[in-house]
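1. model the structure of this input:
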Amino acid sequence: MKIIFMGTPEFAVPSLEALINSEHDVIAVVAQPDKPKGRGHKLTPPPTKVLAEKFNIPILQPEKIKTDEFLQELKELNPDVICVTAYGKIIPKSILELPEHGCINVHPSLLPKYRGAAPVNWTIINGEKVTGVTIMQMDEGMDSGEILLVREVQIGNDDDAEKMLAKLSNIGGEMLVEALKLIGEGKLNPIKQDQSEVTFAPMLQKSDGQIKWEKSAQDIRNLIRGLTPWPGTFTKLGDYTLKIYKVYICEGRGKPGEIIETGKNSLIVATGDGALEILELQIEGGKRLDIKSFLAGHQIEKGIILGN
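-> Next up, the predicted model:
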């Protein structure tokens with residue numbers, strides 16, 4: 001089949017790689033425009049564009065996709081199917097209905113649960129033990145199309161959003177090629193999503209990372225895992241912002257946010273239920289450090305309350 005691939009970030013790369021290495025023909029890659037990054041605000045191409053250039057695949061980077069000009073470009077390419085992985089914009093009906101086999105999407109959750117922009121993050125934040133990948137026939141709604149394939153994946157106790165995204169992106173690429181094979185053979189049986197099971201995973205905000213110490217140690221640890229690497233979690237140490245990267249659940253009691261133990265190698269904070277030993281952190285204006293290195297340069301007194 002002739003495929004147009006629509007995808008932008010690192011998560012989409014394994015899907016594109018799988019299609020390039022398959023028997024199908026990727027005739028174009030559609031990605032969002034290059035964006036300024038870093039301190040120098042240098043224009044940086046998205047990861048899918050970098051891969052497409054390596055294989056001399058034509059690249060389209062429209063500022064807007066709801067235009068007659070872009071639709072005409074796609075019509076002239078005449079794809080059999082459009083494959084979508086984390087493109088980042090709502091795709092209009094005119095494009096969804098353009099190819100013979102429509103548009104199929106790789107979504108990193110067990111739909112209808114966790115529709116939306118940040119499914120992996122919210123799955124971990126909410127303490128789920130199982131997630132997965134769904135291949136879906138796209139419609140005009142947000143992740144509401146019929147399910148074509150689904151595969152469950154366990155979430156390990158030490159898995160964070162970054163690790164799970166890497167796992168699920170590779171599985172998604174494999175499933176995408178499998179779905180195309182079944183489409184070609186006419187062996188897919190699309191299943192409508194159960195509306196009573198729908199949950200949502202809204203786009204993350206930096207403010208989501210503020211630690212509320214009155215919550216349980218488990219909930220806070222899930223938040224830290226779910227917001228790694230972005231936007232990260234933070235709290236206040238006096239007038240300074242403290243970013244928390246890694247913690248371990250331990251025994252201990254005190255007021256929520258109270259530092260109940262401190263030493264050369266240990267910093268333990270009480271929560272609303274249980275306590276957390278901080279393993280990696282970063283103070284405002286400083287570097288990310290393990291706890292031993294941090295405490296070598298900062299004196300933290302027992303009884304201090306973290307937070308606002």
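
2. and residue 85, how many residues sit next to it?
-> 27 (other CB atoms under 10 Å). C-beta here means a position set from N, CA and C on the backbone, and glycine is covered the same way.

3. how near is residue 212 to residue 247?
-> 14 Å (CB to CB, to the nearest Å).

4. okay, the two: which has more neighbours?
-> residue 247 (26 against 15).

5. so that one sits right up against residue 279, yeah?
-> Yes: counting by CB atoms under 8 Å, residue 247 touches residue 279, with 6.1 Å between them.

6. leaving out chain neighbours, which residue sits closest to residue 264?
-> residue 295 (6.1 Å; CB to CB, 6 or more residues apart in numbering).

7. do residue 258 as well
-> Closest to residue 258 by CB to CB, 6+ apart is residue 270, at 4.7 Å.

8. number of residues surrounding that neighbour?
-> Per other CB under 10 Å, the neighbour tally for residue 270 reads 22.

9. do residue 284 as well
-> 12.

10. backbone dihedrals for it, please?
-> Per-residue torsions, residue 284: phi -50, psi 120 (degrees, to the nearest 10).

11. quick one: contacts for it?
-> 240, 241, 242 (CB atoms under 8 Å, 6 or more residues apart in numbering).

12. hang on, the earlier thing: how close does the residue nearest to residue 264 get to residue 105?
-> Applying CB to CB to residue 295 and residue 105 gives a distance of 47 Å.

13. show me which of those two is the more surrounded one.
-> Neighbour count, other CB under 10 Å: between residue 295 and residue 105, residue 105 has more, with 26 against 19.

14. strands paired with whatever helix or strand that one lives in, and their directions?
-> In this structure, residue 105 sits in strand 103-107 according to DSSP states H and E. The strands beside strand 103-107 in its sheet (DSSP bridges) come out as strand 81-85 (parallel), strand 130-137 (antiparallel).

15. and residue 278, bridged to which residues?
-> For residue 278, the beta-bridge partners under DSSP bridges are residue 247.

16. surely it touches residue 267?
-> Yes: using CB under 8 Å as the test, residue 278 is close enough to residue 267 to be in contact (4.7 Å).

17. need the residues touching each of the two.
-> Common neighbours of residue 278 and residue 267, counting by CB under 8 Å, 6+ apart, are residue 291.

18. now find how far off-centre stretch 113-129 is within its chain.
-> 9 Å (CA atoms, centre = their mean, to the nearest Å).
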